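**Q** with the input below, show me the fold.
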Amino acid sequence: MASSAAFLALSVLVALHLCCCHGQTDAAGSSSDVTAIYSLGDSITDTGNLIKEAPPGMFETIKHLPYGVTFGYPTGRCSDGLLMIDFLAQDLGLPFLNPYLGKNKSFDHGVNFAVAGATAMDPADQFNGRFFMPFSSNSLKVQLRWFKDFMKSSFNTDEDIRKRLQSSLVLIGEIGGNDYNYALFGKTNVTEVEKLIPGVVQTIVDAAKEVLEMGASRVIIPGNFPIGCMPTYLTSKGSSQPSDYDSMGCLKELNLFAAKHNTRLQRAIADDLRPSYPSASIAYADYFNSFLAILNTADSLGFDESSTKKACCGAGGEYNYDWRRMCGAKGTAACAEPEKYVSWDGIHMTQAAYRAMSRLVYHGRYLQPQILNLGELS
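**A** Residues are numbered from 1 along each chain as shown. Here you go, the predicted structure:
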């Protein structure tokens, strides 16, 4: 097997090749034309849908402090404060996206359909007793149905929907990470979980096609994070062999796995979506390499370099993460300065890290191609 570093280098080259070869420009116009955002995804994007369902389980704590402590109160976001979707809305001059399941909320400038814990594939199709079952059944298919129902109830005709989407931005993801998380948390080995990649990627691509068929002109599809750098996996999949870790202290095998998902997703975008919808702007958001960039430049970004792989809120241990005592549960505590940490609860990031990610992706070179034209930030 090729080394993790070699594969990651190949993945970056593939990404550059796919972007350069298509040479796609912002066919839909400048970012100032964006009047609404519609978002589908999981906890990376959820601004309050999961807590509206109030399911019992491991993430029930997001309804209470310290979740939302930087924001001032809990909002249903899996962080101490804002998410990337919030910073993107701000950059586009739009209000924060309200959750679809919220009552008496304004949806004039978009809707957030993302649900924490959601999978790309339907649980019944993918898990079927083989893996640990998800605690959220609101898969991408369900969210897509919500999206269609909302658009049909809000606009009179299909042509009205198309006109609305022509001036909108649609995010499909990040989604798919939980498909793998549930399997990996259920002790399934990485080689077996890799068999899920084709189905997960195809589900994402099929959802994008449905949105594009409705008239979407700007679509962003993020990839997966380098999960081998996350406290949750560093704790649960830790190894006694130094050779299993890279120079940043991340697990090579898990990052290699995430890179394989991302490479397949980028190829599907380049070879399937863009040729089929040449008038639309379809971008891949590189969460993988932008996250690694944060780790590599943590000190200059204001993070505590010694804590980049430790959770701010947890129950102790090398990475301050214990799945039996999640952030907010009895016996856990939050750090005094979340802005110094990349990870909030071992799974999700802090507001400071999401802000840094948002700048790298939406203002930098990690949106491929750069379809928003927001300008680079220092």
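**Q** where's residue 219, which helix or strand?
**A** For residue 219, the element it lies in under DSSP states H and E is strand 218-222.
**Q** what packs against that strand?
**A** strand 168-172, helix 197-213, strand 281-285 (3 or more Cβ pairs under 8 Å, 6 or more residues apart in numbering; DSSP states H and E). For every residue, glycine as well, the C-beta is placed using N, CA and C.
**Q** which secondary structure element of the chain has the lowest mean pLDDT?
**A** helix 4-22 (a mean of 39; mean pLDDT, DSSP states H and E).
**Q** residue contacts, residue 122?
**A** Residues in contact with residue 122, defined by Cβ atoms under 8 Å, 6 or more residues apart in numbering, are 139, 141-142.
**Q** and it, what's its pLDDT?
**A** Looking at residue 122, its pLDDT is 90.
**Q** also the one 4 residues further on?
**A** The confidence metric pLDDT takes the value 59 at residue 126.
**Q** please list all residues in contact with residue 172.
**A** Contact analysis of residue 172 by Cβ under 8 Å, 6+ apart lists 40-41, 140, 204, 207-208, 211, 219-221.
**Q** quick check: the farthest pair among those?
**A** Across these, no pair lies farther apart than 140 and 220, at 14.8 Å, counting by Cβ to Cβ.
**Q** poorly predicted segments of this protein, please.
**A** 1-32, 54-58, 125-136, 377-378 (pLDDT under 70).
**Q** if you set the cut-off to 50 instead, what comes out?
**A** 1-28, 129, 131-134 (pLDDT under 50).
**Q** what segments of the protein are strands?
**A** Ranges of strands in the chain, per DSSP state E, are 36-40, 110-112, 168-172, 218-222, 281-285, 313-314, 333-334, 367-368.
**Q** so which of the ones you listed comes closest to residue 323?
**A** Among the strands of the chain, the nearest to residue 323 by Cβ to Cβ is strand 313-314 (10.1 Å).
**Q** follow-up on the earlier one: ok, the contacts of residue 172 vs residue 353, which is closest?
**A** When the contacts of residue 172 are compared against residue 353 (criterion: Cβ to Cβ), the nearest one is residue 41, at 17.2 Å.
**Q** what is the burial count for the nearest residue in space to that closest one that is not next to it in sequence?
**A** Nearest-residue entry for residue 41: residue 114, 3.7 Å, with adjacent residues in sequence omitted and distances by Cβ to Cβ, 6 or more residues apart in numbering. Using other Cβ atoms under 10 Å, residue 114 is surrounded by 31 other residues.
**Q** ok, now how distant is residue 114 from residue 122?
**A** Noted for residue 114: a distance of 16 Å to residue 122, by Cβ to Cβ, to the nearest Å.
**Q** likewise for residue 149?
**A** The separation that residue 149 has from residue 122, given Cβ to Cβ, amounts to 17 Å.
**Q** next: residue 202.
**A** 13 Å.
**Q** what's stretch 87-99 in contact with?
**A** 31-32, 34-37, 39, 46-49, 52, 76, 85-86, 105-107, 109-112, 169, 354-355, 358-359, 362-363, 372, 374.
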